[in-house]
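Chemist: Structural data only, the sequence is not supplied:
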């Protein structure tokens, strides 16, 4: 069977190609999924930027020197060698920027399964779990686009707030969020507004995005990157979603020892992340920048609270966020993997309007 994949050069993310690949016969016990849709967000850019460092390129193999960027979306069973799955069943989870994916289901229950394919096992188990939509309590047929666009990003924001709150925000009285228009930043701001109302939320964004960020109502204050020097000095933490080395340096230099924690999450400004990447030690004043790896925090969160209580808290915050985010993002749908490839490049260059949520239907 011939399928399509979008390949990206690991050492130059601007070099992409839509290629045809022979997928071969379906293995015994495996299920072949046809990708129905997925979203393209800044989250996918982060997967590509830190790909080798965190194994993101390893989920979906590609030719040497190339990778397939992971996406979150829905897929349908089109061929099955597993007695647990019938053709036509729909699932939600981690998918390649491609037309199809073969999985080997394990730990199968009515509502979920885990892909046990050998090459995926060294990576975080969080990414190998799939929801079976017919028995998935989170699934809402009328909100599939919102789940793809916001869901994974919101969960990262939720986990950041939980981590920070457990650490009493490291003594910070305010949290500074770079790339405040990004969906992960919006998720964090929403959860902090709900659960840490005494911590002031300051959003930093480009001049062109100020109006959008203010319209969300999620921030106490919104400033442009050029206005960092006007921020009031008080014990603070910064959560960097932009990956812009110059902006982060300005925040550190402005606050010095009053910057109590520096959290690195994403890299929406890939061209500005600086030599050595987003984790390079540049000897900045204040707290040393520390990378936040959401899968590890997710495992710790559910281990501490248990699946039932953890799921309940996450769901409460998620529904609150959906209410606040309603209408802030216009969902835009595109057909074909070529549209996915060009959207990825636009996202990479920072040329996508944050008020748009882009869904691709391969």
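Modeler: Okay, I see it. Keep in mind that this is a model prediction, so the values were computed, not measured. Numbering: from 1, shown residues only.
Chemist: Strands of the stretch 101-250 of the chain, residue ranges please.
Modeler: Applying DSSP state E, counting those that start in this stretch to the stretch 101-250 of the chain gives strands spanning 105-106, 112-115, 129-132, 174-177, 200-205, 221-224, 236-240.
Chemist: Partner strands of the longest one, with direction?
Modeler: By that I understand strand 200-205. strand 174-177 (parallel), strand 221-224 (parallel) (DSSP bridges).
Chemist: one step back: residue 24: which of the strands of the stretch 101-250 of the chain is closest?
Modeler: strand 112-115 (17.3 Å; Cβ to Cβ). Every C-beta, even on glycine, is put in place using the N, C-alpha and C of the backbone.
Chemist: Would you mind pulling up the elements that that closest one packs against?
Modeler: Counting contacts by 3 or more Cβ pairs under 8 Å, 6 or more residues apart in numbering; DSSP states H and E, strand 112-115 packs against strand 105-106, strand 129-132.
Chemist: ok, and the closest non-adjacent residue to residue 9?
Modeler: residue 15 (4.0 Å; Cβ to Cβ, 6 or more residues apart in numbering).
Chemist: what's the neighbour count on the one you found?
Modeler: 13 (other Cβ atoms under 10 Å).
Chemist: Tell me if it really is in a strand.
Modeler: Yes. The assignment for residue 15 (DSSP: H, G, I helix; E, B strand; the rest coil) places it in a strand.
Chemist: And it, what's its pLDDT?
Modeler: Note for residue 15: predicted pLDDT of 95.
Chemist: ok, it touching residue 48?
Modeler: No. Counting by Cβ atoms under 8 Å, no contact exists between residue 15 and residue 48, whose distance comes to 11.7 Å.
Chemist: Need the overlap of contacts for these two.
Modeler: residue 8 (Cβ atoms under 8 Å, 6 or more residues apart in numbering).
Chemist: Out of the helices and strands packed on strand 112-115, which one sits most buried?
Modeler: Among these, strand 129-132 has the highest mean neighbour count (mean count of other Cβ atoms under 10 Å), at a mean of 20.
Chemist: which helices and strands does that one pack with?
Modeler: So strand 129-132, by 3+ Cβ pairs under 8 Å, 6+ apart, packs with strand 90-96, strand 112-115.
Chemist: Check which helix or strand the most centrally placed residue in the chain maps to.
Modeler: When Cα atoms, centre = their mean is applied to the chain, the residue found nearest the centroid is residue 43 (3.4 Å). Following DSSP states H and E, one finds residue 43 within helix 42-49.
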